[in-house]
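return a 3D structure for these sequence lines:
(chains A, B, C and D)
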Protein chains: 2
Amino acid sequence: MPPAEHVSDPPATAGSPFDGLSLEHSSTVERVADELRRAVFEGELESGTPLREVALAESLGVSRPTLREALALLVAEGLATREPHRGVSVAIPDPESVRDVSTVRAVLETAGVRNWPHATEEARAAVRRALGDYEAAVAAGATYQELNQRHLAIHLGLVGLTGSPRLVSMAESVVAELRLVLAQIDRVRRNARDQAGSHHHLLDLLESGDIDTAVDELGHHLHGAEDALIERLDLD
Amino acid sequence: MPPAEHVSDPPATAGSPFDGLSLEHSSTVERVADELRRAVFEGELESGTPLREVALAESLGVSRPTLREALALLVAEGLATREPHRGVSVAIPDPESVRDVSTVRAVLETAGVRNWPHATEEARAAVRRALGDYEAAVAAGATYQELNQRHLAIHLGLVGLTGSPRLVSMAESVVAELRLVLAQIDRVRRNARDQAGSHHHLLDLLESGDIDTAVDELGHHLHGAEDALIERLDLD
DNA sequence: TCGCAAAGATTGTCAGACAATCTGACAATC
DNA sequence: GATTGTCAGATTGTCTGACAATCTTTGCGA
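Next up is the predicted model:
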């Protein structure tokens, strides 16, 4: 939820003596939420698993109110669902929500791509960097989780082209839901397709200024991803 | 926050004997959050007002943990901000955030308008109804608050044309921020311009199938609103 | 007047408790 | 045999009270 804390880097070469200082958010509830997210994204918690308050609180060494706040965060992010007097459980992705998430991605990312000519150079550089990192990870044979994460980072970068913090924040939210879906799908067979080619093509189109074709390409890419996800989801 | 509860109506004529059953959500924290939102939207709480936990809890007759959960909701919605060890206070709208909210609105509402031809008839009817309600309120000389609310309902209806619950939910979030801004601006002089003409024109364009012109019209409308808001915000 | 230490206020977190509600099993009734 | 009523256990929703950490303000001395 913290919408991209750092913003203004120190003036390039200056190199303030304080660089690796982030002082982990001391908020206990944030740390608990992070741990829960991690567990969800890594597939340690299966969809539908009830998150019992007392057990979890004790297991994590925090009090129940603190854990409840963390759970509320997870619920707000769509990673878990709460039913009155029945507690919170890990969200169970259904085809309908996958379709909706894809719709949202299409709207947000298309807006970013269309804004490529007017985006800041920094935002454009971020997209190039994300693509480079992804390709490097592919070449290095990274884990499927890292590939998924870097892949999604590219798409977040596209939304970043809008220059709108709120749109990026919204994109982060749906991407989190997507990571949940991916984690569940890949719980057993953990494979992440190499999609570097498609993204590279998209970036080439943008660099050459052919925005309309880029939008089409993005649409196809997202549609394909949506179909693939739903198909695999239906197998369970 | 409840993202459109009802979804599947009973099969048309079937009509289960239980129709008007909604049994208000009894959750205390929800009721507290509702009350706080109301107070913010009605301008009873000025921007920057610190929301002291003990005082508020006592004043509302709830315990501090319960109030804290409600505050967390407000913060998540962007209606309030939390600073570590300094507590929660009513968000203070700055020009930058107004600009960002306008950007988000433009993206979401444009997506809806572009989808007009493919939207469900129900979604289209909702837009017509919202516009009708707004015009009726104008004619009846309703309060500025009701006018604002009905006006924003039209724009929510536009986003509804996408058929995406998540996009609508996101739109609701930014609209809430906008209501906060409006409440603060109109705290003293409470005037809401009559904008029925512009919206009617937009709907006419949609009905006639001239989507591109409608998108342009929407862009102008939003841009004008953004400028007007920022101008008035700077006066304070 | 300015800087600094002590006091007060406020938040972050915890522990324990109780009522309301859900779940499931079993008995009672039609 | 199926529906309904009842009960025990488990879990959540909420409250009370408390304590340490931190922020803000007051007051004092240079």
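
low-confidence regions, chain A specifically.
Within chain A, the segments meeting pLDDT under 70 span A:1-25, A:187-193, A:236.

get me the contact residues on it for chain B.
Taking Cβ under 8 Å from any Cβ of the partner chain as the measure of proximity, chain A contacts chain B at A:1, A:26-27, A:65, A:68-69, A:72-73, A:76, A:84, A:100-101, A:103-104, A:107-108, A:111, A:162-167, A:170, A:174. C-beta coordinates here come from the backbone N, C-alpha and C atoms, glycine included.

out of those residues, which are buried?
A:27, A:68-69, A:72-73, A:76, A:100-101, A:103-104, A:107-108, A:111, A:162-167, A:170, A:174 (16 or more other Cβ atoms under 10 Å in any protein chain shown).

tell me, which of the residues of chain A next to chain B make contact with DNA strand D?
Among the residues of chain A next to chain B, proximity to DNA strand D is found for A:26, A:65, A:68, A:84 (Cβ under 7 Å from any atom of the strand).

and the two most separated of the residues you listed?
Spanning the widest gap among these are A:26 and A:84, at 32.2 Å by Cβ to Cβ.

on that earlier part again, go through the buried ones among the residues of chain A next to chain B and flag which are in helices.
Among these, DSSP state H puts A:68-69, A:72-73, A:76, A:100-101, A:103-104, A:107-108, A:111, A:165-167, A:170, A:174 in helices.

mind listing the strands for chain A?
Along chain A, counting by DSSP state E, strands occupy A:50-51, A:80-83, A:87-90.

buried deepest among these, which one?
strand A:87-90 (a mean of 20; mean count of other Cβ atoms under 10 Å in any protein chain shown).

which among the ones next to DNA strand D among the residues of chain A next to chain B gets closest to residue B:47?
Using Cβ to Cβ, these come closest to residue B:47 at residue A:26, 27.4 Å.

the closest one contacts residue B:85, doesn't it?
No. Between residue A:26 and residue B:85 there is no contact under Cβ atoms under 8 Å: 9.5 Å.

please save the CA atoms from stretch A:159-170 in CSV.
Provided in CSV are the C-alpha atoms of stretch A:159-170 (Å, rounded to 0.1, in the frame of the first residue of the first chain):
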residue,chain,number,x,y,z
VAL,A,159,1.2,2.3,-16.2
GLY,A,160,3.9,4.6,-14.8
LEU,A,161,4.0,6.3,-18.2
THR,A,162,0.9,8.0,-17.2
GLY,A,163,2.8,9.8,-14.5
SER,A,164,-0.1,9.3,-12.1
PRO,A,165,0.7,8.0,-8.7
ARG,A,166,-2.8,6.9,-8.1
LEU,A,167,-3.0,4.9,-11.4
VAL,A,168,0.2,3.2,-10.5
SER,A,169,-1.1,2.4,-7.1
MET,A,170,-4.2,0.9,-8.6
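
what parts of chain A come near DNA strand C?
So chain A meets DNA strand C at A:26-29, A:61-66, A:84-86 (Cβ under 7 Å from any atom of the strand).

got TSV for these, with distance to residue B:158 too?
Shown next, in TSV, are those (distance: Cβ to Cβ, whole Å):
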residue	distance to residue B:158
A:26	42
A:27	38
A:28	41
A:29	36
A:61	48
A:62	43
A:63	45
A:64	43
A:65	40
A:66	41
A:84	32
A:85	37
A:86	36
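
out of the residues you listed, which sit inside helices?
A:28-29, A:64-66.

and these, which of them are buried?
Buried subset of these (neighbour count, 16+ other Cβ under 10 Å): A:28-29, A:66.

up against DNA strand D, what does chain A have?
Within reach of DNA strand D by Cβ under 7 Å from any atom of the strand, chain A has these residues: A:26, A:50-54, A:64-65, A:68, A:82, A:84-88.

find the centremost residue of chain A, please.
By Cα atoms, centre = their mean, the mean C-alpha position of chain A lies nearest to residue A:175, the distance being 3.4 Å.

quick one: that residue and residue A:80, what's the gap?
With distances taken as Cβ to Cβ, to the nearest Å, residue A:175 is found 16 Å from residue A:80.

tell me what the lengthiest helix in chain A is packed against?
The helix that spans the most residues within chain A, counting by DSSP H, is helix A:211-234. Applying 3 or more Cβ pairs under 8 Å, 6 or more residues apart in numbering or on different chains; DSSP states H and E, one finds that helix A:211-234 contacts helix A:95-114, helix A:165-185, helix A:196-207.
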